[in-house]
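Engineer: here is a sequence together with a model predicted from it:
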Amino acid sequence: MRYSGFKVFTEGLTGNKGWKPVWRDPEPKAEYDIVLIGGGGHGLSTAYYLAKNHGLTNIAVLEKGYIGSGNIGRNTTIVRANYSLPGNSEFYSHSLKLWENLESELNYNVMHSQRGLINLFHSDGQRDAFARRGNAMINQGDDAILLDRDGVRQHLPYLDFDNIRFPVYGGLYHPRGGTARHDAVAWGYARGADMRGVDLIQNCEVTGIDIEGGQVRGVRTSRGVIRAKKVAMVAAGRSGQVAAMAGMRLPIESHILQAFVTEGLKPVIHHVVSFGMGHFYISQSDKGGLVFGGDLDFYSSYAQRGNLPMKEHVMEAAMTLMPMIGKARVLRSWGGIMDMSPDGSPIIDKTHIDGLFVNCGWNYGGFKAVPASGWAYAHLIATGEPHETAKRYRLDRFRTGRGIMDEEGTGSQHNLH
Amino acid sequence: MRVICPHCGERDRREFTYQGAAEILERPSPEVGNDDWADYLHLRENPAGETKDMWYHDPCGAWIVMHRDTVSHAVHGGELASEVRK
């Protein structure tokens, strides 16, 4: 079924009786060429690009819950390419280009909205850091504009510019940054993969990975044994448990990151805005809710819910930056499990076991990476060689010390990002 | 979440700083070579459920090996790192 304006119109006139489920619910087969462990954004986009770019369709995506039940349905939906380090720069630049064509690519409305992203700064030193970041973005071929105070005022007149403690000095404006409807990204990739013959198997938890003589043979699941020539782990916050089934430990600690949404309001925040002096960033969803978040709770957790001190911090930062937000009522909050790597950058690589691949370490930035991560992971799985945009995302960089990508400059060890 | 200090009892979580997995106490000898040291520094069990991790109690300065559950956020209590390392 192809979506179009005409289809929506005719369905509207005929009682919307013609819509059908957009992916099958197949029984797992006994054997596949490739099994992907994890049916989140990255797993689904990997399956899609394996089928689309490499013509491989004898693939199963195993999801222990339902499609869209993990971080792909829990994030704050921001899409941007404002990284500065080689490795990250070209990868996220590629991802943003894929985002810009994603709707026509998938024939699915992911509501990608390039409303512009503004990272605020509040001191001369911070301005220098953002000027440098902006130059790195321009060198990569992306867009960055250094706004002064008046420049920011034209975009964001509602900020407390003269805050006694953290006055606004300016902002780094990334016009192509924005948001997308997170669930729709999962659904669009799921539909695209399914249409090409990939089996999406939900409620199927992997309980073991079979390895013989250093070669992966398949997986054991809650729905039986599935043999596979290649097995690709892509389990985000649960990566540690999945890797443990292969006898591996990963350079990953799982942490909790909270997000919040207010009741629906009329349009008031037209960009994605981040505070430079506390952990707070915000955008407004098309439904009207102000969607915002902050930093990790800073203790390892798998709870998908956080504690009050970080809520308090985020609310304080929000009130400091934009006092008008005090009028809005918070509707709910939730948490996602972040796979934190020591340097804050991800891993897309082979493992020491033949046919077993790993994709993890997305920290709190996995959503915008969904298209490029799938593209690069599919390339690695299909060809055995890393894609040019992701060749620095090596698993062994912590062991060798070569190619560490510490974007924040805080150090390459756990609990610093 | 309330966190338990062996000296001060149950206290507000904001009085504590999380310092990572308790695996950090199993420091290898200098002779074991780069691979074991790289594993020690970077690789983690990262358990879902019962765990032991390091917490620092800012007011009293205690380093604590905390027994905790990463799924329920239950804090069972802990012992001083100096006792564990003895």
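Structural biologist: Nice, thanks for sending it over. Residues are numbered from 1 along each chain as shown, chains lettered A, B, ... in the order given.
Engineer: could you report the neighbour count for residue 14?
Structural biologist: Answering for chain A, as no chain was given. For A:T14, the tally of surrounding residues (other CB atoms under 10 Å in any protein chain shown) stands at 9. In short, each C-beta sits where N, CA and C put it, glycine included.
Engineer: hmm, no, I was thinking of chain B.
Structural biologist: 14.
Engineer: and the residue lying closest to it once chain neighbours are set aside, what is it in contact with?
Structural biologist: Of all residues not flanking B:R14 in the chain, A:P309 sits nearest, at 4.9 Å (CB to CB, 6 or more residues apart in numbering or on different chains). Shown in contact with A:P309 (CB atoms under 8 Å, 6 or more residues apart in numbering or on different chains): A:297, B:13-14.
Engineer: do A:A243 as well
Structural biologist: So A:A243 contacts A:233, A:249-250, A:358, A:360 (CB under 8 Å, 6+ apart).
Engineer: what does chain A have sitting close to chain B?
Structural biologist: A:238, A:240-241, A:244, A:249-254, A:298-303, A:307, A:309, A:342, A:398-399, A:413-415 (CB under 8 Å from any CB of the partner chain).
Engineer: the residue nearest to B:R14: helix or strand, and which one exactly?
Structural biologist: helix A:308-321 (DSSP states H and E).
Engineer: and the helix or strand following that helix, which strands flank it?
Structural biologist: Heading C-terminal from helix A:308-321, the first helix or strand you meet, by DSSP H and E, is strand A:330-340. Strand pairing for strand A:330-340, using DSSP bridges, gives strand A:253-264 (antiparallel).
Engineer: got the angle between the partner strand and helix A:308-321?
Structural biologist: For strand A:253-264 against helix A:308-321, the angle by axes from the mean of the first three to the mean of the last three CA atoms, to 10 degrees is 50 degrees.
Engineer: distance between strand A:253-264 and the chain's centre?
Structural biologist: 14 Å (CA atoms, centre = their mean, to the nearest Å).
Engineer: does the most centrally placed residue in chain B sit in a helix or strand, and which one?
Structural biologist: By CA atoms, centre = their mean, chain B has its centre lying nearest to B:M54, at 1.7 Å. Element membership for B:M54, per DSSP H and E: strand B:50-57.
Engineer: ok, now how distant is the residue nearest to the centre of chain B from chain A?
Structural biologist: Going from B:M54 to chain A by CB to the nearest CB, to the nearest Å gives 10 Å.
Engineer: OK, contacts around the nearest residue to that residue once chain neighbours are set aside?
Structural biologist: Nearest residue to B:M54, sequence neighbours excluded (CB to CB, 6+ apart): B:Q19, at 3.9 Å. Going by CB under 8 Å, 6+ apart, B:Q19 touches A:415, B:53-56, B:63.
Engineer: can you rerun that using 10 Å?
Structural biologist: A:298-299, A:414-415, B:53-56, B:63-64, B:66, B:81 (CB atoms under 10 Å, 6 or more residues apart in numbering or on different chains).
Engineer: repeat for A:A186
Structural biologist: A:39-41, A:43-45, A:66-70, A:72-73, A:110, A:370.
Engineer: could you turn the buried ones of those into a ChimeraX selection?
Structural biologist: Of the contacts of A:A186, the buried ones go into a single ChimeraX selection, burial set by 16 or more other CB atoms under 10 Å in any protein chain shown:
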select /A:39,40,41,43,44,45,67,68,70,72,73,110,370
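Engineer: take stretch A:230-246, keep the C-alpha atoms, and write them as CSV.
Structural biologist: C-alpha atoms of stretch A:230-246 as CSV (Å, rounded to 0.1, in the frame of the first residue of the first chain):
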residue,chain,number,x,y,z
LYS,A,230,25.5,-13.6,10.9
VAL,A,231,24.2,-12.1,14.1
ALA,A,232,24.1,-8.4,14.7
MET,A,233,23.6,-7.0,18.2
VAL,A,234,21.9,-3.6,18.2
ALA,A,235,20.3,-3.4,21.7
ALA,A,236,21.1,0.1,22.9
GLY,A,237,20.7,0.2,26.7
ARG,A,238,20.5,-3.6,26.9
SER,A,239,23.7,-4.2,24.9
GLY,A,240,25.5,-5.4,28.0
GLN,A,241,23.1,-8.3,28.6
VAL,A,242,23.1,-9.3,24.9
ALA,A,243,26.9,-9.2,24.7
ALA,A,244,27.1,-11.3,27.9
MET,A,245,25.4,-14.1,26.0
ALA,A,246,28.3,-14.2,23.7
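Engineer: mind checking how far that stretch is from the chain centre?
Structural biologist: Here the centre of stretch A:230-246 is set off from its chain's centre by 17 Å, with CA atoms, centre = their mean.
Engineer: again with stretch A:209-217
Structural biologist: Taking mean C-alpha positions (CA atoms, centre = their mean), stretch A:209-217 and its chain are 30 Å apart.
Engineer: separation between A:N307 and B:R13?
Structural biologist: 6 Å (CB to CB, to the nearest Å).
Engineer: now do the shared contacts for those two.
Structural biologist: Contacts common to A:N307 and B:R13, judged by CB under 10 Å, 6+ apart, are A:297-299, B:1-2, B:73.
Engineer: what sits against residue 70?
Structural biologist: All of this is about chain A. Here A:G70 is in contact with A:38-43, A:63-64, A:186, A:235-238, A:304, A:336-337, A:366 (CB under 10 Å, 6+ apart).
Engineer: sorry, should have said chain B
Structural biologist: Here B:T70 is in contact with A:253-256, A:299-303, A:337, B:46-51, B:53 (CB under 10 Å, 6+ apart).
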